[in-house]
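S.K.: need a 3D model of the following:
(chains A, B and C)
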Amino acid sequence: MRLIATRLLSAIPTLIGVIVVTFVLTRMLPGDPAAYFAGPTATADSIEATRHRLGLDRPLPEQFWLYVEGLARGDLGKSLTSGQTVLDDIRNRLPASLELTFASLVVALGLGIPLGIGAALRPGGWVDRLCSVVCTIGQATPTFFLGMLLVFVFYYLLGWVPAPIGRLDIVHSSPHEITGAWSIDAALAGDRELLGAVLRQLTLPVTTLALFGLGPLARITRASMIEVLASDYVRTARAAGLPRRKVLWTYAFRNAVVPVLNTSGMVFSYMLGANVLVEKVFGWPGIGAYAIDAVLASDFAPVQGFILAMAFLYLLLNLIIDVTDGLLDPKVRFDV
Amino acid sequence: MSERAAERSIVFPVRAPGAVAVVLLALIGLMALIGPFLVPYDPIATNPPIALRPPSSAHFFGTDQLGRDVFSRVIVSARVDLGIAFAAVIVTLVIGTALGAAAGWAGGWTDRIVSRLMDTIMAFPLFVLAVGIAAALGNSIFSVVIATVIVNLPLYARQARTEVNRRRGAAYVEAARLAGIGPFAIVALHIMPNLAPQLIVQASLNLGWAILNAAGLSFLGLGIRPPNPEWGIMVAEGGAYIISGEWWLFVFPGAMLLLAVLTFSLTGDALRDRLDPRRA
Amino acid sequence: MNLAVGTVPLVAIEGLSIRFGGDERLPTVDAVDLAIGRGETVALVGESGSGKTLLAHTIAGILDPAARVRAERLEFAGVDLRSPNAFADLRGREIGIVFQNPRLALNPVRTVGRQIADVVHEHRGLRFRQLNAAVMAALAAVRIPEPAARARSYPNELSGGMCQRVMIAIALAGNPSLLIADEPTTGLDTTTQAAILDLILEHARARRMATLFITHDLALARAYAERIVVMHAGQIVEEAPTDRLFAAPRHPYSAALVGATPANAATVADLKGIPGKLPDLAASPPACRFAERCARVIPRCRSERPVLAFDTRRHGVACWMPL
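M.R.: From the prediction side, this is the model:
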């Protein structure tokens, strides 16, 4: 408990910095939102009226104070293009992004950890070489290019996956939303056909993001496992005649996992960023696409909300990882 | 204790990549430097009648939707993308290292402010921050460079701060200080050289990331504007033609991006093996 | 074989060589013979780098995979250890091993109770309540106070001595016929050292278990072993029943060791008084690897390796100029 409290406290100054930076950035967006919103037939007067209505004519510090005040109330402003509050927009669009990112992280872990372990068990062997190649190329490939390549090969050439037009094709309608993650919602509703459709649409975007995150995870698993496999306690476990599987998981991996977990946090952060690109390629109605559209329209409230939401998510994730570290590693607990 | 021969096999098998890296580096360097002079066609000249032709002996990479020669555009883009990346990395290296060194040397408030600043930058998912900065500064090469610079600052600042902090109390530093040498000279001439190998490796790996960053921003429409050729823009434009089968529009610029980034990754790895073997 | 005539040895090693790297490199352990009888307590003594740990690891089946082993005979209870799956049933079950620096040799993220349970379950197939009882019994057998509370502790919460007791419990879990103790007292204070060694000996006697002590401490060997084998630079130079070795050492190296050992059983970390150091195997060492450090050296020592020859009282020495 104390661990959580201290971590929360140390996160506050960072949070303040994040809020300030976000505000500054989005006020700097070029273009005049008042003119845009007032429309093509606007006169100078109506633009001024619009500006006053939106509170854009107040001095900057006052705008900042209004902004912080609004945040505390949960008011993130209104989107000029959608007409709804940013909070509502984010609520609508965030689940799509989260479903994508989490699924990708899970897949990346599911592929990367075994790859890293296999590479560590026989350094220099073929798994190790494969791991090395996959990691290097995975990190060097632009995410958007990879996405497009996958679409070209698996949709256009092979026809194995449906068209990249978003979360569902035109035939199916969305499931009744409980979690916001359509795969889970479809499963909860017991609708197998819908679940299949949702998963099929998820396949390529998840593959793209997962391949992107695979590299660092496999690498850290490999490095961590190599170190742990050479430790005295693994030697004891082997000498005591424990079966290979037990030595590998309970003795070796259990000790190697903490750095892997920490790297997952970093990878999640990269994925949150790369999300924006993947959403563009696959027409995914997530928060990244929302933000980019807003940027191109000089609509700053959504951009602000987007950056804040992402930073907040990242902060939350780091907190969770810190706490999990403490649970997994008794030594960390004692240090606090 | 017993000879741990297994330690020998911990090193990544990276000998061959070093040679490959050098070749690729030369290739890309040539492309960037003299490419624009040697291309067969004007990269911006449109020619609608021959639009969307597949690769042929006349047009190695085919033509795009406006009849422009893809090959020429890809070659010319090298200068743009590499230029941005180099500019960004050099600037961020200088500023970041300076900030970190100042923080490490002076300690106190300077340290606190710089550290807070770096922590704030690192609190954002980096590409998200880059998007925000590039959006705020408008569509230009400048905004892309600045975005890349800011996002990469913490990397160099931290290294410099740690190094300066570590050596601040060393005997030879004391001696230099007593001899009346100013702090700037001490840091620059006596402490920084120790960091040089690490910095070079870091910069090389960073170049790859900078290229991806710039291309990503341009892909989204936040960086350079068309019709200027740039790999990210070309891939973005080519995206519309995937489902009609004109693959050459996006594949060649994308592959070139991959190649460029790979080059700097391999170079960085090879340099790390040479200059900093204990980290390998 | 240096055992009482007619006994079948538990460990039978003849002509064992261990080398790293290519065939052109000289072997680290050079054509060694060793026999251990059932229930016997033997000490393998030598400086660091003498190859004693390699030898121990070979018997325990945990040798570094990069090491290459060649032997005329390498058997445990009649099983040829060179065959591929030889150690499958032996490791941890028939052969137990206790290491030095016990806290580092235990899994830091698993309670000691669970670690003992892992081994007991593996070798005795017990579960749930029976397993729990066995773990408590194991902890009690190594004299750990408050076993129920201790079982829930992590290694870094326990003292070095307690960790070593846990290690011993783990090593004994399969009821082995051979216990190897590799420098078991390193890092422990003197009182704890004696307690640990007494514990090992007590179990050895009760279970009629053979014990192989690996140590650089001749005083320890004297106090606890029936027979002492002295190694130098990968070669066995002398072997004798304990009292015979101390009464009349015949190899110049052993004599120097005996001379350097104080009369009481205090640990001697480094052995002063023996000039020179271990030969560099890459630089063409002499046939008898002690030659350059020996005061009694003759030309034959450099060119021809002395053979380990035994007298009628089971005292063997490998030297052209024995004392």
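S.K.: ok, the closest residue to chain B within chain C - how many residues close by?
M.R.: Using Cβ to the nearest Cβ, the single residue of chain C nearest to chain B is C:A66, 3.2 Å away. To be clear about C-beta, it is placed using only N, CA and C from the backbone, and glycine gets the same treatment. Number of residues near C:A66 (other Cβ atoms under 10 Å in any protein chain shown) recorded here: 15.
S.K.: and it, how close does it get to C:F20?
M.R.: For C:A66, the distance to C:F20 equals 6 Å [Cβ to Cβ, to the nearest Å].
S.K.: do the same with A:L204
M.R.: According to Cβ to Cβ, A:L204 stands 50 Å off from C:F20.
S.K.: which one's more surrounded, these two?
M.R.: Comparing A:L204 with C:F20 by other Cβ under 10 Å, the one with more neighbours is A:L204, at 23 against 17.
S.K.: show me the contacts for the more buried one.
M.R.: Residues in contact with A:L204 (Cβ atoms under 8 Å, 6 or more residues apart in numbering or on different chains) are A:G147, A:L150, A:V151, A:F154, A:Y155, A:V161, A:P164, A:F282.
S.K.: just the closest of these to chain B, please.
M.R.: A:V151 (5.7 Å).
S.K.: any idea how many residues pack against that closest one?
M.R.: Tallying neighbours of A:V151 according to other Cβ under 10 Å, which is how burial is gauged here, yields 23.
S.K.: burial measure for the nearest residue to it once chain neighbours are set aside, as a count.
M.R.: Counting by Cβ to Cβ, 6 or more residues apart in numbering or on different chains, the nearest residue to A:V151 once its immediate chain neighbours are dropped is A:P164, at 5.2 Å. Counted with other Cβ under 10 Å, the neighbours of A:P164 add up to 21.
S.K.: got phi/psi on A:P164?
M.R.: phi -80, psi 70 (degrees, to the nearest 10).
S.K.: wait, it touches A:G283, no?
M.R.: Yes - counting by Cβ atoms under 8 Å, A:P164 touches A:G283, with 5.9 Å between them.
S.K.: so which strand or helix has the residue in the stretch 201-336 of chain A positioned nearest to chain B?
M.R.: Using Cβ to the nearest Cβ, A:G273 is the residue of the stretch 201-336 of chain A that sits closest to chain B, at 2.8 Å. Assigned by DSSP states H and E, A:G273 belongs to helix A:254-282.
S.K.: what helices or strands is that helix leaning on?
M.R.: In terms of contacts (3 or more Cβ pairs under 8 Å, 6 or more residues apart in numbering or on different chains; DSSP states H and E), helix A:254-282 is packed against helix A:86-121, helix A:143-150, helix A:192-229, helix A:287-296, helix A:300-328, helix B:126-137, helix B:192-220.
S.K.: okay, the ones you listed in JSON lines with mean pLDDT next?
M.R.: JSON lines is the format used below for these (pLDDT from 0 to 100):
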{"stretch": "helix A:86-121", "mean pLDDT": "92"}
{"stretch": "helix A:143-150", "mean pLDDT": "93"}
{"stretch": "helix A:192-229", "mean pLDDT": "91"}
{"stretch": "helix A:287-296", "mean pLDDT": "87"}
{"stretch": "helix A:300-328", "mean pLDDT": "83"}
{"stretch": "helix B:126-137", "mean pLDDT": "84"}
{"stretch": "helix B:192-220", "mean pLDDT": "88"}
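S.K.: those helices: which one's closest to C:L44?
M.R.: Counting by Cβ to Cβ, C:L44 lies closest to helix A:192-229 out of the helices and strands packed on helix A:254-282; the figure is 27.3 Å.
S.K.: run the chain-centre distance for that closest one.
M.R.: Its chain's C-alpha centre and that of helix A:192-229 lie 13 Å apart, by Cα atoms, centre = their mean, to the nearest Å.
S.K.: ok, and for that helix, which residues are buried?
M.R.: By 16 or more other Cβ atoms under 10 Å in any protein chain shown, the buried positions in helix A:192-229 come out as A:194-195, A:197-198, A:201-202, A:204-226, A:228-229.
S.K.: what's the answer for stretch C:316-323, then?
M.R.: For stretch C:316-323, by 16+ other Cβ under 10 Å, it's C:G316, C:V317, C:A318, C:C319, C:W320, C:P322.
S.K.: now do it, average pLDDT.
M.R.: Stretch C:316-323 carries an average pLDDT of 86.
S.K.: and the helices in the stretch 101-250 of chain C?
M.R.: C:112-124, C:128-141, C:147-151, C:160-172, C:190-207, C:218-224, C:242-247 (DSSP state H, counting those that start in this stretch).
S.K.: highest mean neighbour count out of these?
M.R.: The highest mean neighbour count among the helices of the stretch 101-250 of chain C, using mean count of other Cβ atoms under 10 Å in any protein chain shown, belongs to helix C:160-172: a mean of 25.
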